[in-house]
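Asker: just need the structure, nothing else, for what follows:
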Amino acid sequence: MISACKKSSDTGIILNGEAVTGGYLSAYYQKDCSFSIFTYVPNEVVTSQTTQILIVLVLIYLIIVVLALLLSILFSNRFTRPVQEITTYMTGFDGGDYTHMPELHTNTELDQIGHSYNEMLGNIEQLVNEIKLQEKELRTSELNMLISQINPHFLYNTLDTIYMLARMNKEETTMRMIQALSKYLRLCLSKGSDIVSVEDELENVKSYMEIQQIRNVDLFEYEIDCQVNAKENKILKLILQPLVENAVKYGFSEIYEGGYIRIRITEENDVLVLSVYNTGMPMNKDMVEKINGLTHLPISQIKEAFPDKKHGYGVFNILTRLRLKYGDKITYYYETTDASTTCTIKVPKGGEQES
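Answerer: Numbers count the residues shown, from 1 in each chain. Prediction:
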């Protein structure tokens, strides 16, 4: 290799890292002075630098891997922890405790999931309370109905006896009142049935108004306008009588004669429309607004609107029974003028009811 360098005739590098035994050789030749410079680098020097570089690269790689693992664990926990928390709440829910609601603050869509779950629990609790209240109301209604049926034949026979005595004494007014009362009671009992024909309901309210006319002579006149098939159409019983009772009790409370009540029954598509119109003192506008806002509220909230059951109990009774029978398929509202009040009820035709 040295002899090859001697043959060079130009100035410059003649060897550039040539591999030789034990290392690497470089040479530079200066023509003017025929001077050559040789540089020899042992393998140990080269490999030691390379090993240091590899060590540094490996350390950097390990640091990156560790940081990646830590960051992945940190970010995964941020998402998996709320999911695990929601899962724990859901699997641990026993249907009895609705107070344990997760509160998440991740600033992600998981917060919305937690909020939706809490809303679902609240809705379930409200539905459960509604069902419990309805069951209680139904049990109370059934109990009252059973009580009202205790030996009804004895009551009818007693009324018939009183009627015969009044007839013997030619007491026409007493006879009329006993007949009306007997008809009224017969429908009220109605063998435990909640649904009656429109004809029976009208007969019942007519008996009630006849009794009131005997008790309050010249206080009011009434008219019944039925534009549907009264025998075939069915409705919940004892709906019209409380409305007429309110008209007599409140609408005619400040008059002594000249009152007027009109009961009208029409149909719209598959809906029966029942309205009770009365003259006299109109219903208070605040009470009208209050009642008109109750139609589609849960029964528990309807009950809260009449806490003492002294004011508006008739409305509460009617509206509660309508909701128990027809669910949300009813409409109940009042309209007033300066000298009249009209109550309108809309129910499904055919005696349809919630199962």
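Asker: residue contacts, Tyr28?
Answerer: Contacts for Tyr28 (C-beta atoms under 8 Å, 6 or more residues apart in numbering) come out as Gly12, Ile13, Ile14, Ser36, Ile37. Every C-beta, even on glycine, is put in place using the N, C-alpha and C of the backbone.
Asker: now, the residues you listed that are in strands?
Answerer: Gly12, Ile13, Ile14, Ser36, Ile37 (DSSP state E).
Asker: can you name every helix or strand that the one helix or strand Ile178 maps to contacts?
Answerer: In this assignment (DSSP states H and E), Ile178 forms part of helix 172-189. Here helix 172-189 touches helix 152-168, helix 198-215, going by 3 or more C-beta pairs under 8 Å, 6 or more residues apart in numbering; DSSP states H and E.
Asker: tell me the average confidence for that helix?
Answerer: For helix 172-189, mean pLDDT is 77.
Asker: C-alpha coordinates for that helix, PDB please?
Answerer: Output of helix 172-189 as PDB, limited to C-alpha atoms (Å, rounded to 0.1, in the frame of the first residue of the first chain):
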ATOM      1  CA  GLU A 172    -146.300  13.800  45.300                       C
ATOM      2  CA  THR A 173    -143.100  15.800  46.000                       C
ATOM      3  CA  THR A 174    -141.800  13.100  48.400                       C
ATOM      4  CA  MET A 175    -142.600  10.400  45.800                       C
ATOM      5  CA  ARG A 176    -140.700  12.300  43.100                       C
ATOM      6  CA  MET A 177    -137.700  12.700  45.400                       C
ATOM      7  CA  ILE A 178    -137.600   9.100  46.400                       C
ATOM      8  CA  GLN A 179    -137.800   7.900  42.800                       C
ATOM      9  CA  ALA A 180    -135.000  10.300  41.700                       C
ATOM     10  CA  LEU A 181    -132.800   9.200  44.700                       C
ATOM     11  CA  SER A 182    -133.500   5.500  43.900                       C
ATOM     12  CA  LYS A 183    -132.400   5.900  40.300                       C
ATOM     13  CA  TYR A 184    -129.300   7.900  41.400                       C
ATOM     14  CA  LEU A 185    -128.200   5.300  43.900                       C
ATOM     15  CA  ARG A 186    -128.800   2.500  41.400                       C
ATOM     16  CA  LEU A 187    -126.400   3.900  38.900                       C
ATOM     17  CA  CYS A 188    -123.900   4.900  41.600                       C
ATOM     18  CA  LEU A 189    -123.700   1.200  42.700                       C
END
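Asker: Tyr334 belongs to a strand, doesn't it?
Answerer: Yes. Counting by DSSP: H, G, I helix; E, B strand; the rest coil, Tyr334 is located in a strand.
Asker: residues touching it, list them.
Answerer: Met283, Val288, Ile291, Asn292, Thr341, Thr342, Cys343, Thr344.
Asker: and the residues you listed, which are buried?
Answerer: Neighbour-count burial (16 or more other C-beta atoms under 10 Å) applied to the contacts of Tyr334 gives Met283, Val288, Ile291, Thr341, Thr342, Cys343, Thr344.
Asker: could these go into JSON lines alongside distance to Ser48 and secondary structure?
Answerer: Below are the buried ones among the contacts of Tyr334 laid out as JSON lines (distance: C-beta to C-beta, whole Å; DSSP: H, G, I helix; E, B strand; the rest coil):
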{"residue": "Met283", "distance to Ser48": "105", "secondary structure": "coil"}
{"residue": "Val288", "distance to Ser48": "100", "secondary structure": "helix"}
{"residue": "Ile291", "distance to Ser48": "97", "secondary structure": "helix"}
{"residue": "Thr341", "distance to Ser48": "107", "secondary structure": "strand"}
{"residue": "Thr342", "distance to Ser48": "106", "secondary structure": "strand"}
{"residue": "Cys343", "distance to Ser48": "104", "secondary structure": "strand"}
{"residue": "Thr344", "distance to Ser48": "102", "secondary structure": "strand"}
